[in-house]
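K.L.:
how would this look folded up:
(4 chains)
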There are 2 protein chains.
Amino acid sequence: MAMEILDLETFLPYRLYHLADLVSRDFSRLYKDHFGLTRPEWRVLAGLGQHGTMTASALGEQSAMHKTMVSRAVAELERRRWLARRQDDSDRRLEHLTLTKAGAEAYRNMVPLAKAFEQQMLGRLTTSEQTALTAGLAALERKFG
Amino acid sequence: MAMEILDLETFLPYRLYHLADLVSRDFSRLYKDHFGLTRPEWRVLAGLGQHGTMTASALGEQSAMHKTMVSRAVAELERRRWLARRQDDSDRRLEHLTLTKAGAEAYRNMVPLAKAFEQQMLGRLTTSEQTALTAGLAALERKFG
DNA sequence: CCAAACTGGTTGCATTCGTAACTATCTATT
DNA sequence: AATAGATAGTTACGAATGCAACCAGTTTGG
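P.N.:
Now for the predicted structure:
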């Protein structure tokens, strides 16, 4: 077969996707097994924990989620009483979302686990590998994001 | 709120996933719009184009796909007459898959598009950024894959 | 040999997710 | 004001995916 070949293993989009899938699958056990959260729910929790109060659209922008996913994740976390909604006074389309005590508590428990996961991940790399990785990702983000 | 904060934007699993999602979504237009393929179908095409003849399990391993996805993608490509199955003589559970003329033709058309995409992606980065990126990804792959 | 365990591949079912259409509200133009 | 166009968020539906159960064929150990 005298045709030009594409080597899948070294093809950048494939490598990225595959790695992200592996890591994400691994990480998801943290919030799935320990807290029974889906990925969108975890992201909403993370967003509100980090920023205090946000609207659904702001959440969507910050964590790169489609508004339908935000909507469903918020509904579920509200059902659990992990967050509360408050209507905006001047614009009644807007809802300000905040973690409840229980939600903040869950966030507080989650953060060290997440950081430990990341550390364990980076810990497997040498310092120069870590630098290369973050520099490379940052470069891609600058051009893509 | 005096709690430890996790910064989502710089959290490695999130960054990886988000970038991969952006790139993959962008790249998928190539095989979706031009050839009407799904991602699993594209990967099967790529695997067979690269390796000539493979079994379904080999495809699954090479391209990190669940065997159900391989099975469905193979069925669809067979329906299109882009690949053909041949039973193994000594082990009748095995099927050897090969691209047909039409499948090879599609592959031949696809490869330059994929390479151009990758080049365009890398082209936005400086040489040292490219080196950093591939080194960083390779390091992660060594420890994770 | 023959039952038990294993492997390649398919199918049914439940979950996840994205697109598009919808409701309600707000803004801008006239 | 009144209407047209935008925006926040929800919902309904379809497509993609994963898990588990399954079938057919093969290997292994008594």
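
K.L.:
mind giving me the packing neighbours of the helix or strand of chain A with the lowest mean pLDDT?
P.N.:
In chain A, the helix or strand scored least confidently by mean pLDDT, DSSP states H and E is helix A:127-144, which has a mean of 92. Helix A:127-144 makes packing contacts with helix B:12-35, helix B:127-144 when contacts are defined by 3 or more C-beta pairs under 8 Å, 6 or more residues apart in numbering or on different chains; DSSP states H and E. Where you see a C-beta, it was placed from the backbone N, CA and C, and this is true even at glycine.

K.L.:
may I see those helices organised as CSV, with distance to DNA strand D and mean neighbour count added?
P.N.:
Output for the helices and strands packed on helix A:127-144, formatted as CSV (distance: least, C-beta to the nearest atom of the strand, whole Å; neighbours: other C-beta atoms under 10 Å in any protein chain shown):
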stretch, distance to DNA strand D, mean neighbour count
helix B:12-35, 8, 18
helix B:127-144, 17, 17
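
K.L.:
out of the ones you listed, which comes closest to DNA strand C?
P.N.:
In terms of C-beta to the nearest atom of the strand, the element of the helices and strands packed on helix A:127-144 nearest to DNA strand C is helix B:12-35, at 7.3 Å.

K.L.:
wait, does the helix or strand just after the closest one contact chain A?
P.N.:
Counting by DSSP states H and E, the next helix or strand C-terminal to helix B:12-35 is helix B:39-51. Yes: Helix B:39-51 lies within reach of chain A by C-beta under 8 Å from any C-beta of the partner chain, at B:Arg43, B:Ala46, B:Gly47, B:Gly49, B:Gln50.

K.L.:
which of those are buried?
P.N.:
B:Arg43, B:Ala46, B:Gly47, B:Gly49, B:Gln50 (16 or more other C-beta atoms under 10 Å in any protein chain shown).

K.L.:
any stretches of chain A with poor pLDDT?
P.N.:
A:1-3 (pLDDT under 70).

K.L.:
please work out which residue of chain A is closest to DNA strand C.
P.N.:
Counting by C-beta to the nearest atom of the strand, chain A gets nearest DNA strand C through A:Arg92, at 3.6 Å.

K.L.:
show me the contacts for the spatially most central residue of chain A.
P.N.:
Centre of chain A computed as the mean C-alpha position; nearest residue by C-alpha atoms, centre = their mean is A:Arg43, 4.5 Å away. By C-beta atoms under 8 Å, 6 or more residues apart in numbering or on different chains, A:Arg43 lies in contact with A:Leu59, A:Ser63, A:Met65, A:Ala73, B:Leu8, B:Tyr14.

K.L.:
I figured A:Leu8 was touching B:Gln50, is that so?
P.N.:
Yes: with contact defined as C-beta atoms under 8 Å, A:Leu8 reaches B:Gln50; the gap is 6.1 Å.

K.L.:
quick one: residues in contact with stretch A:117-127.
P.N.:
Contacts for stretch A:117-127 (C-beta under 8 Å, 6+ apart): A:Val23, A:Asp26, A:Phe27, A:Leu30, A:Gln130, A:Leu133, B:Phe11, B:Leu12, B:Pro13, B:Ala139, B:Leu140, B:Lys143.

K.L.:
mind running it again at 7 Å?
P.N.:
A:Phe27, A:Leu30, A:Gln130, A:Leu133, B:Phe11, B:Leu12, B:Pro13, B:Ala139, B:Lys143 (C-beta atoms under 7 Å, 6 or more residues apart in numbering or on different chains).
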